[in-house]
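> next input, structure requested:
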Amino acid sequence: MSTASPTTDAPGNRPGRRPGLREQQKMRTRNAIREAALHLIAEQGYAKTTVEQIAETAGVSHTTFFRYFPTKEQVVVGGEHFESEARAIVESMPPGLGHFDLIRRLFTELHRLTVDDPWVGNPLRMQLIRSEPLLQKTFQVESERMMTGMRQLIADYLGRDADDFALGVFLDAVAGVTFRLATEGDDNPVDLQIETTLRAIDLLEQGLPLD
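Have a look, this model is predicted:
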């Protein structure tokens, strides 16, 4: 039976926050399912790995699996705490940042969370997402859903309407380029990935010069 390591028990928890016993148990169960899925998929391939196998390896029931994850894809792709973390980051931003500086700060802080969260930054997880078309598609949908969920918050910060055309184009451009970098980044270290992402945002701000 796969067990979760102590280092993966607290994704999304801010320093100083001590989760209760029930929350800790939920974290352990969630991590056990994730680790079982990664192990099985790496060993026998994504298509041949079933929900039943993941649940059995993790030591949970089929019903418990679906209480934590709606689909097999979500076990690997899901970063459910990231949206709430991103919201907290935007809400804590100092006033007066322009839209590009706001996005840079947001991605820099999300990068820090990735480094601190062994699950999100797991190299095997990202390798599976890049190599499996269905996982890549699910990752794209989740990324777009998160950006859509953030749109109102970003609009409020910038003092614009959420349905503002220019804001929508800007966020779509940012989402598109960051998704491509995330899924085509091979095995680059996370520090290099954020450096490349910030460089891409700089190019967007400069009007995409080719020289």
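
> ok, for Glu52, nearest residue in space, not its chain neighbours?
Distances taken as CB to CB, 6 or more residues apart in numbering place His62 nearest to Glu52, at 6.3 Å, with adjacent residues excluded. The C-beta positions use only the backbone N, C-alpha and C, and glycine is treated the same way.

> the one you found against Gln53, yeah?
No. Contact between His62 and Gln53 fails when scored by CB atoms under 8 Å: they sit 10.7 Å apart.

> averaged over its residues, which helix or strand of this protein has the lowest pLDDT?
Lowest on mean pLDDT, DSSP states H and E among the helices and strands of the chain sits helix 81-91, with a mean of 80.

> for that one, name the packing helices and strands.
Packing partners of helix 81-91 (3 or more CB pairs under 8 Å, 6 or more residues apart in numbering; DSSP states H and E): helix 99-116, helix 133-158.

> contacting residues around the helix or strand following the last one?
Helices and strands here follow DSSP states H and E; after helix 133-158, the next one along the chain is helix 165-183. Residues from elsewhere that reach helix 165-183, judged by CB atoms under 8 Å, 6 or more residues apart in numbering: 99, 103, 107, 126, 129-130, 136, 139-140, 143-144, 147, 150-151, 154-155, 158, 160-161, 193, 196-197, 200-201, 204.

> thinking again about what came up before, would you mark the buried spots in the least confident helix or strand of the chain?
Buried residues in helix 81-91, counted by 16 or more other CB atoms under 10 Å: His81, Phe82, Glu85, Ala86, Ile89, Val90.
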